[in-house]
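Chemist: have a look; sequence and predicted model below, questions after that.
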Amino acid sequence: MEKLRVGMIGTGFIGWLHARIYHESYGAQLAAVADSDKNVKKKVKDTFGCDFYTDYHEMLESGKIDAVDICLPDINHVEPAVAAAEAGKHILLEKPMARTAADCIKIKAACDKAGVRLLIAHVLRFDPGYKRLYDAVKSGEVGDVIHLSAERKNSRLLAERLKGRTSMLFYVGVHDIDLVQWCAGKRITRVYAQRIVNINKKWNSEDCIYVLANLGDGTIANFEYAWTLPENFPTGLKSKLEIYGSKSTAFLNRMNQGVEIMKEKGTDLPYELTDMLHWPELNDRIVGDLKNELDHFVDAILKDIDFVMPVEDAISAINVIESIMESYKTGMPVDVKEI
Ligand SMILES: NC(=O)c1ccc[n+]([C@@H]2O[C@H](COP(=O)([O-])OP(=O)(O)OC[C@H]3O[C@@H](n4cnc5c(N)ncnc54)[C@H](O)[C@@H]3O)[C@@H](O)[C@H]2O)c1
């Protein structure tokens, strides 16, 4: 296989960036795009000049692709992932893997049965900052992990864009649950959560969810999620991860990534903090974490090497989210079920 021929399923917000990265890639070829919105066809043809389908089943049967990259809303992950596996295609599936651990297991079983590779797109695993935190724990630099603190707060514009289509736990919270479990090297065993639905009620969305979690041996972690930052907040995202150990502490702050732009009076966003890490552009190409992730997917398939993130970790994060949801609904702490 010279170049991996990739077919995109879904080219909305994140799928368009994925499509661009394959189009700009040296190891992959963007062979086709499937999107149920037929209005996307002209933009795809003009930008990429590749085949376009409104029905992804036709793309799977075309004989022109080796792998698919699924960037559909999380409610639609199971059916296309199973269909792609049954068609013998390797799969990159956007996070969250699915909405229940049972559905995740269904996807994994279909991939195992078909003998195809599956990577869940947890992009922050490909951010060198989070990898440094992981290494600090793994190498013993931090010592025994005592407690961790994770924060991911977005602008209320995100609630407006998604209009209740999904929970903040699935759209963003899944990142930190995975990062905490990965960095600490332990699974979350018990959670207690509360949420507020007030200013974002009009979008059928939460304002915030706070979670206190136990990780097996007495380590505790807290998670603060919110979609309450004002529209003109200098970045759409305020996030951090802090790890406190018996020897040292390791902090990652992802709000200010080094570039600050002060604009003239009367501008909508007078002070801007620019994304320099996730998907910035350099010389007309997307660079950063997202490109690192897609390069890894392509490379690992072409060279037949293991993915850095096992599917079981993605399933575990969804299992924890199910318990968090049960906790804020019942108002009680919940033990995370064994899977
Ligand atoms: N890793 C990240 O940083 C990141 C960022 C944003 C979104 N995501 C994830 O990516 C996924 C997609 O989110 P989004 O915000 O890009 O969604 P979106 O709504 O912007 O785009 C979804 C696209 O899928 C198409 N679509 C829907 N159903 C389809 C079907 N059955 N067949 C073909 N096309 C179909 C829509 O027409 C649309 O173009 C979600 O799982 C989300 O959690 C990840």
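Modeler: Sure, I can see it. Numbers count the residues shown, from 1 in each chain.

Chemist: tell me where the stretch 51-200 of the chain has strands.
Modeler: 51-53, 67-70, 90-94, 118-121, 145-155, 190-196 (DSSP state E, counting those that start in this stretch).

Chemist: which outside residues touch the second one?
Modeler: Under the criterion Cβ atoms under 8 Å, 6 or more residues apart in numbering, residues 4-10, 15, 18, 22, 56, 59-60, 77, 80-81, 84, 89-94, 294, 297, 301 lie in contact with strand 67-70. Quick note: C-beta positions are derived from backbone N, CA and C, even for glycine.

Chemist: next, see if it gets close to the ligand.
Modeler: No. Judged by Cβ under 6 Å from any ligand atom, strand 67-70 stays clear of the ligand, getting no closer than 8.1 Å.

Chemist: neighbouring strands of that strand in the sheet, and parallel or not?
Modeler: According to DSSP bridges, strand 67-70 forms sheet pairs with strand 4-9 (parallel), strand 90-94 (parallel).

Chemist: please work out which of these is packed deepest.
Modeler: Mean neighbour count (mean count of other Cβ atoms under 10 Å) peaks for strand 4-9 among these, with a mean of 26.

Chemist: distance between that one and the chain's centre?
Modeler: 19 Å (Cα atoms, centre = their mean, to the nearest Å).

Chemist: I'd like to know how far residue 11 sits from residue 158.
Modeler: Going from residue 11 to residue 158 by Cβ to Cβ, to the nearest Å gives 19 Å.

Chemist: okay, the two: which has more neighbours?
Modeler: residue 11 (24 against 19; other Cβ atoms under 10 Å).

Chemist: so what's the residue count around residue 252?
Modeler: Residue 252: 18 neighbours (other Cβ under 10 Å).

Chemist: I'd say it and residue 130 touch.
Modeler: Yes. Using Cβ atoms under 8 Å, residue 252 is in contact with residue 130, at 6.5 Å.

Chemist: neighbours around residue 157, how many?
Modeler: Around residue 157 there are 15 other residues, counting by other Cβ under 10 Å.

Chemist: please export the C-alpha coordinates of stretch 277-284 as PDB.
Modeler: Only the C-alpha atoms of stretch 277-284 are listed here, as PDB (Å, rounded to 0.1, in the frame of the first residue of the first chain):
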ATOM      1  CA  LEU A 277      -1.500  23.900  19.400                       C
ATOM      2  CA  HIS A 278      -4.600  22.100  18.300                       C
ATOM      3  CA  TRP A 279      -5.000  23.000  14.600                       C
ATOM      4  CA  PRO A 280      -3.000  26.200  13.700                       C
ATOM      5  CA  GLU A 281      -1.800  26.800  10.100                       C
ATOM      6  CA  LEU A 282       1.700  27.100   8.900                       C
ATOM      7  CA  ASN A 283       2.600  27.500   5.200                       C
ATOM      8  CA  ASP A 284      -1.000  26.800   4.100                       C
END
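
Chemist: and it with the ligand, contact?
Modeler: No. Using Cβ under 6 Å from any ligand atom, we find that stretch 277-284 stays clear of the ligand, coming within 6.5 Å at best.

Chemist: contacts for that stretch, please.
Modeler: For stretch 277-284, contacts defined as Cβ under 8 Å, 6+ apart pick out 17, 123, 127, 129, 254, 257, 274, 286-291.
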